[in-house]
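Novice: Coordinates for the following, if possible.
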Amino acid sequence: MSVDMYNKSIQFALAVLAGLMLAAQALSAESGAIVKELWIGGHGYEAELTPSRINELADSGEGRHYQGHFPEDPASWIRVTRLEDGWQGLAFAFNRLHTIKSGGEHEQVASFSFSPDQAPQCGVDHLHADSSITPDSLASKAMAQAVSANYDTLCADEVGGACLMLELELAFDLEFQNRFANYKTRAGAIINMVEGFYQAQLGVIFDTLSLIYLDSGIFSGTSNASDLLTDIANKRGNGEIGFLESSQSIFHFITGRSLEDGIAGIAYLGSLCNRFGAASGLSRASNSDSTTAIIVAHEIGHNFGARHDGENNSCPAGEHIMSPRVQSSFTSFSSCSIDYMRDEISSLGAVEQCFNFPADAGIESATGNPIEIDQGQAFQSTFDVIYSDAAQPADGLVVEGSIGDGEGTLEEVTLNGAICTVTSSNSFSCPEAPAQARLTLTVQGIAGASSEVNLANGVALVSNSGEVKDILSDNDTLLTQITVNQSTDPDPTPEDDTQDPDGQPTDADAGSDTTSSSGGGSSGGGGSLGWFWLLAGLGGAARLARRTF
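Specialist: Sure thing, here's the model as predicted:
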C-alpha cells in the first residue's frame, strides 16, 4: 500500500469512528436534511435542504450552510445560511433569482435587488490574460495527463449534481474582517451562494483548498483595482503567497476596502489552470452578502473565459450575471457565458491540474437482515457497498467495521466473497476492493450478553492521486442495531414433590443451582466501549449523520 493509500485508510478510520460516536449521541436533525418553509409572493413553499459541503471548511463560521431546492420547481436551487437571528441566502425559483432574509414570522423571499445608484460594475478590461499564457502553454507535454478535457465528455455523468470540482482558494483581508462582526459566517455564506450558480448550470462545485483571513497587508493597499490585481498576480507568479496550496488553482481575494471608480471586481480572462499567477481575481465586499456572491461569481466567470454579455456576442447586457453592471433582473449565466466557460474547460491541456473529480462511496443495509435475535444466537447481516463516479474513477474502496465490546463476536466477514481480516478487538478490515457499482459485504457473528448488538460499518474510496473525492459523506457509515432477547429462566428452581417419611416435603439440593444466568448483560444495551468507540472522540466530523436500521 502506498503512503497516500495508507493515509487515506487512516483518515477513513477516523471519519468512521467520529461518525459512529456522533451517531451514538443521537445527532439533532440539523445535521441532516430538513424541510424549511420559505415565502415567495405571499405563498409558502417547502424547501428541501441538506447541509452544504461548505460546512466542512475549518473557518466557514458558526452559521450552518445549506443547499437544496423547491420540489414544486424542478429547476430551482437554494443556497442559504442559518444564523443566530434567522436565515439568509439566495434562491433561484420560478425563473427568478430571490434573496432570502429573516423577517417576522416567516423567512421572506424577495426578488433580488439593490440600490440603483450603487449598481456595482466590473473592471472594464478584466486585464485579459496575455496570449503568452493561454491554456495551451500552461503545461509542458511531460506534465500533460491522459484526462480528456472535453467538457461534454467530462460531464456526461454526474454525482450529486456535479461532474467537476474546481480547486478554489480564497483570502479575506483585514478590512473585510473589521467591517463585519460575523465575518467568518459571511465568508462561508458567500462561497455557498457562489457555488450554487456554478453547480446549477455547469455541474461544477468547489474544492476549496484554502480559506484564509489575512492578519497583515500582504497585498498592496491601493484602491485602484487594476493595480491591486497586478500586485496579486505578480506575487502569486513569484511564489510569494505562502498560504496557497496550488499554483494553478483559482485564487480570489475579497476586500472590505472601497475601490476607485465604483469598481466592484476585476479578474483575468480565460486563465483556468494558469501557473503564472493569472488564475486570479478580486471582489469588493458589499453590505449584502447576496450582492457580493454575484460579484464573485461574475469575476470567477471571467477566469472561466466568459466575456461580458453584449460585448461581441448575441446575449443582451443587463439580464444575466456576466453583464458589465449588476442588475436586479439577474437570474443566472447567459447561454453565451455557458458556451464560453465550456469552451475554456475543453481547451485545457490537463484538466486535473486545477480540477478534481467527484465520486460517491456508500454503504446500505440489504433487505432481510435480522432485527431481533436471542442471546448467544448466530446471525448474518448483509450490506450493499455502492459506488458511483463522474469523469474519473477512484482506485479502490476500503471497507472496515466493528461490533461493540461485550455485545458479541465477529465470526467471519467477506466482501464480494473475499475474506476480510477480523481482529481480536472485534473489528474487521477488508482488502482493498475495486471501485465498482455494487459490492456485497457479509458479516457473521454471535450475539453477546448485552441487550443489543451495534454493528458499525464504513466505506471510503482510495485515490492514489488525491484527485477523486467522495462528495456525499452521509452514506459513508452505517450503524445497525439488532435487539438481543435476554435469557430468562423458563423453569425456576423446582421443588421436590417427594415427601419424607414424616410426610413433609424435602428441600431441593442446595448445592444444585439450576437457575440460567443472563450473563450480567447491561439492560441499557451499551456494553463496554472499546477502542472503536472511544477513538471516535478524536475526529469531530459533525457532518456525519446517524442512520439506524
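Novice: the helices in the stretch 51-200 of the chain, which residues?
Specialist: For the stretch 51-200 of the chain, the helices defined by DSSP state H, counting those that start in this stretch occupy 151-154, 174-179, 183-202.
Novice: Quick check: buried residues in the shortest one?
Specialist: Residues of helix 151-154 classed as buried by neighbour count (16 or more other CB atoms under 10 Å): 151, 154. The C-beta positions use only the backbone N, C-alpha and C, and glycine is treated the same way.
Novice: and what of stretch 244-256?
Specialist: Buried residues in stretch 244-256, counted by 16+ other CB under 10 Å: 244, 246-256.
Novice: Just those: which are in strands?
Specialist: Mapping the buried residues of stretch 244-256 onto strands (DSSP state E) picks out 250-255.
Novice: If we only consider those, which is nearest to residue 312?
Specialist: Nearest to residue 312 out of those is residue 250 (CB to CB; 24.1 Å).
Novice: Please report how far that closest one lies from residue 152.
Specialist: 22 Å (CB to CB, to the nearest Å).
Novice: And for residue 438?
Specialist: For residue 438, the distance to residue 152 equals 27 Å [CB to CB].
Novice: ok, back up a step: turn the helices of the stretch 51-200 of the chain into CSV, columns for mean pLDDT and distance to residue 161.
Specialist: Formatted as CSV, those follow (pLDDT from 0 to 100; distance: least, CB to CB, whole Å):
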stretch, mean pLDDT, distance to residue 161
helix 151-154, 96, 15
helix 174-179, 97, 30
helix 183-202, 97, 6
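Novice: quick one, which of those helices is packed in tightest?
Specialist: Sort the helices of the stretch 51-200 of the chain by mean neighbour count, taking mean count of other CB atoms under 10 Å, and helix 183-202 sits at the top with a mean of 24.
Novice: Measure how that helix sits relative to strand 250-255, angle-wise.
Specialist: On the basis of axes from the mean of the first three to the mean of the last three CA atoms, to 10 degrees, helix 183-202 is oriented at 140 degrees to strand 250-255.
Novice: C-alpha coordinates for stretch 169-183, PDB please?
Specialist: What follows is stretch 169-183, C-alpha atoms only, in PDB (Å, rounded to 0.1, in the frame of the first residue of the first chain):
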ATOM      1  CA  GLU A 169      -8.600  29.400  -2.800                       C
ATOM      2  CA  LEU A 170      -9.900  32.500  -1.100                       C
ATOM      3  CA  ALA A 171      -8.500  35.200   1.100                       C
ATOM      4  CA  PHE A 172     -10.400  37.900   3.000                       C
ATOM      5  CA  ASP A 173      -8.400  41.000   4.100                       C
ATOM      6  CA  LEU A 174      -8.400  42.800   7.400                       C
ATOM      7  CA  GLU A 175     -10.800  45.500   6.100                       C
ATOM      8  CA  PHE A 176     -13.400  42.800   5.400                       C
ATOM      9  CA  GLN A 177     -12.900  41.300   8.900                       C
ATOM     10  CA  ASN A 178     -13.100  44.700  10.600                       C
ATOM     11  CA  ARG A 179     -16.100  45.700   8.600                       C
ATOM     12  CA  PHE A 180     -18.300  42.700   9.500                       C
ATOM     13  CA  ALA A 181     -18.700  41.300  13.000                       C
ATOM     14  CA  ASN A 182     -19.500  37.800  11.900                       C
ATOM     15  CA  TYR A 183     -17.100  37.800   9.000                       C
END
